[in-house]
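>>> Whatever this is, show me its structure:
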Amino acid sequence: MEWHIYIDGASSCNPGHAGAGLVAYDNHDKEVGRESAYLGELTNNMAEYEALVRALLKAFKSGVKNVSIYTDSLLVVNQVLGKYKIKNLTLQKYAKEAKDLIRNFDHFAIQYI
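Below is the predicted model of the structure:
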């Protein structure tokens, strides 16, 4: 099973009221999941990571083996791919959680859009 998941996270200020959302499609372009959540007071980057972790968790719990993530957060993409160092301790924890989930998939890709 393969999913393509579009994610986004945002904050009204930085930090501020934040939310995250995702829309998942199977390899036949059929929508298989949609979710959004209010996150409380977070930074924009934290909200972006929340969206990623929630998407990976949803795919894992659904038995998906191949996942492609699409996001508008260049920071998250490059941190997850190891191209950027992560100095912020909170973001380090998010990245570790994401990478731990990624290990469960046969194929993982993340792309900046």
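>>> Could you count how many residues lie near residue 34?
11 (other Cβ atoms under 10 Å). (Glycine included, C-beta is placed from N, CA and C.)
>>> pLDDT weak spots in this protein?
Scanning the chain for pLDDT under 70 picks out no residues.
>>> All the helices of it, residue numbers only.
Per DSSP state H, the chain carries helices over the ranges 44-61, 74-80, 89-102.
>>> So which of those helices has the densest surroundings on average?
Burial of the helices of the chain is given as mean neighbour count (mean count of other Cβ atoms under 10 Å); helix 44-61 ranks first at a mean of 22.
>>> what helices or strands is that helix leaning on?
Judged by 3 or more Cβ pairs under 8 Å, 6 or more residues apart in numbering; DSSP states H and E, the packing partners of helix 44-61 are strand 2-11, strand 16-26, strand 31-42, strand 66-71, helix 74-80, helix 89-102.
>>> Identify all contacting residues around that helix.
Outside helix 44-61, the residues within contact range by Cβ atoms under 8 Å, 6 or more residues apart in numbering are 3, 5, 7-11, 14-15, 18-22, 24, 33, 35, 37, 39, 42, 67, 69, 71, 73, 75-76, 80, 88, 90-91, 94-95, 97-98, 101-102, 104-105, 110.
>>> and the angle for it with strand 16-26?
30 degrees (axes from the mean of the first three to the mean of the last three Cα atoms, to 10 degrees).
>>> ok, now which ones touch the spatially closest residue to residue 33 that is not a sequence neighbour?
With Cβ to Cβ, 6 or more residues apart in numbering as the criterion, residue 33 has its nearest non-adjacent residue at 4.0 Å, and that residue is residue 24. By Cβ under 8 Å, 6+ apart, the contact list for residue 24 reads 3, 4, 5, 6, 31, 32, 33, 34, 55, 58, 59.
>>> Switch these over to CSV; also include distance to residue 49.
CSV is the format used below for the contacts of residue 24 (distance: Cβ to Cβ, whole Å):
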residue, distance to residue 49
3, 19
4, 19
5, 14
6, 15
31, 23
32, 22
33, 19
34, 19
55, 11
58, 15
59, 16
